[in-house]
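Peer 1: The sequence and its predicted three-dimensional model are supplied below.
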Amino acid sequence: MAGWLNTPDNFHNFRNPQGCYVIEFIDVHKSFDVDGRAVPALNGIDLKIEAGEIFGIIGHSGAGKSTLVRLINLLEKPTSGRVLVNGTEISASNADQLREQRRGIGMIFQHFNLLSSKTVFDNVAFPLRLAGTYTAAQIKERVAQLLARVGLADHAGKYPAQLSGGQKQRVGIARALATNPKVLLCDEATSALDPQTTQSVLQLLAEINREFNLTIVVITHEMDVIRRIGDRVAVLDAGKIVEVGNVADVFLHPQHITTQRFVQEAENVDEAEEHDAFAHVPGRIVRLTFQGEQTYEPVLGQVARTSGIDFSILSGRIDRIKDTPYGQLILSITGGEPDTALQSFADAGLTVEVLRG
Ligand SMILES: Nc1ncnc2c1ncn2[C@@H]1O[C@H](COP(=O)(O)OP(=O)(O)OP(=O)(O)O)[C@@H](O)[C@H]1O
């Protein structure tokens, strides 16, 4: 059944003809009327989400994430400003156009939102039946194909109550993909799952992103989710985007205080505690950040030898941001020529931050 799944070729037809942005917010404000008073939820959002990327939106409760996502899936209209999805401004769409546009946007939820009285098969078939344009044989084939893709081929006859959380979310993903959307919105999709199940669901999302060139928008309050699969991230705080960039840049060098706190939470670091712990350590204290292949290179030893410094490692971690390894070390440096050492680290491509001079 060729043509059922997104392919890079047919995907291009859905790109914004003016560029490659699937979703675009232009100075968007949204407020809600509460007892005759306008309560602002979003204040001047400018955002461009590119075709085929995994874009994370992180924020605390009340920051405006759900409102932002409801503007993307066309459930809300902006109070002012423009939201474009696949190049079309939603507030200018009529009812038929809206229905057609909504079919191009899939969504998965924190609590899965499956129909408990229907089998796995019927849950996934639901949007296809709703569309009213597929034969029973086409629906059967499509659902089988989707269930196989999410690893649930043997569970078609089960009911949601008979599934684990991870399996329920896989059904949610299969259902969201049924009508072949170009955009998948994930609203806290792994927040109800244990760490191991979270990992496998995130892996599945990363795979379908690559296979179908699907644009995925991930709404979360956990930086770790974005670190694992995100390409770019926007940090939302009190209805405003306070930081946006590539995940590696934002994660390793967070600028805004809200971003810094999210990163510290993800790394389980208490900066005040760390600062106290280093108070009695002699020498300069520096943080070195390695990215990519340099993570595994013997830079520390080489620089120590050439500059004559001694160093102790006060804390350190090696991990991955999506597919790229990175390392962060906090060192105390004594003796030798510390300025030469810091320059040599920078020359080797490491990011050097002096925490105490
Ligand atoms: N329908 C509504 N009517 C009135 N106020 C609303 C409505 N929806 C959202 N708000 C307000 O808008 C602000 C942003 O809410 P929103 O639900 O978008 O935040 P959020 O980041 O998704 O939070 P959470 O993670 O808790 O869902 C909040 O102050 C909220 O009270």
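Peer 2: That came through fine. Quantities reported herein were computed from a predicted structural model and do not represent experimental measurements. Numbers count the residues shown, from 1 in each chain.
Peer 1: Which residues are in contact with residue 332?
Peer 2: Residues counted as contacts of residue 332 (C-beta atoms under 8 Å, 6 or more residues apart in numbering) are 278, 281, 282, 283, 284, 285, 311, 312, 314. Every residue, glycine included, has its C-beta placed from N, CA and C.
Peer 1: Which of these fall within helices?
Peer 2: residue 278 (DSSP state H).
Peer 1: In space, what's closest to residue 319 - neighbours in sequence excluded?
Peer 2: residue 326 (6.4 Å; C-beta to C-beta, 6 or more residues apart in numbering).
Peer 1: Counting neighbours, which bits of the helix or strand the one you found falls within end up buried?
Peer 2: In this structure, residue 326 sits in strand 324-334 according to DSSP states H and E. For strand 324-334, a neighbour-count test (16 or more other C-beta atoms under 10 Å) marks 326, 327, 328, 329, 330, 331, 332, 333 as buried.
Peer 1: re the thing from before, assess the claim that the residue nearest to residue 319 and residue 248 are in contact.
Peer 2: Yes: between residue 326 and residue 248 there is a contact at 7.1 Å, judged by C-beta atoms under 8 Å.
Peer 1: who touches both of these two?
Peer 2: With C-beta under 8 Å, 6+ apart as the test, residue 326 and residue 248 both reach residue 291.
Peer 1: State the distance from residue 223 to the ligand.
Peer 2: Distance from residue 223 to the ligand, counting by C-beta to the nearest ligand atom, to the nearest Å: 14 Å.
Peer 1: Which helix or which strand is home to the residue nearest to that residue when sequence neighbours are not counted?
Peer 2: Nearest residue to residue 223, sequence neighbours excluded (C-beta to C-beta, 6+ apart): residue 266, at 3.8 Å. Using DSSP H and E, residue 266 maps to helix 257-267.
Peer 1: in the protein, which spans are strands?
Peer 2: With DSSP state E as the criterion, the chain has strands at 21-34, 37-50, 54-59, 80-85, 88-89, 105-109, 183-187, 215-220, 232-237, 240-246, 284-291, 310-321, 324-334, 351-356.
Peer 1: what would those strands look like in CSV with distance to the ligand and mean pLDDT?
Peer 2: Output for these, formatted as CSV (distance: least, C-beta to the nearest ligand atom, whole Å; pLDDT from 0 to 100):
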stretch, distance to the ligand, mean pLDDT
strand 21-34, 3, 95
strand 37-50, 3, 96
strand 54-59, 5, 97
strand 80-85, 15, 94
strand 88-89, 21, 88
strand 105-109, 11, 95
strand 183-187, 8, 96
strand 215-220, 7, 97
strand 232-237, 7, 98
strand 240-246, 12, 97
strand 284-291, 30, 92
strand 310-321, 24, 90
strand 324-334, 28, 91
strand 351-356, 31, 91
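Peer 1: now the ones you listed in TSV, with distance to residue 163?
Peer 2: Converted to TSV, the strands of the chain look like this (distance: least, C-beta to C-beta, whole Å):
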stretch	distance to residue 163
strand 21-34	31
strand 37-50	31
strand 54-59	25
strand 80-85	32
strand 88-89	37
strand 105-109	15
strand 183-187	19
strand 215-220	22
strand 232-237	31
strand 240-246	36
strand 284-291	39
strand 310-321	30
strand 324-334	34
strand 351-356	44
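Peer 1: one step back: how about the residue nearest to residue 223, what does it touch?
Peer 2: 222, 223, 224, 227, 251.
Peer 1: So what are the sheet partners of the strand holding residue 326 and their directions?
Peer 2: Strand pairing for strand 324-334, determined by DSSP bridges: strand 284-291 (antiparallel), strand 310-321 (antiparallel).
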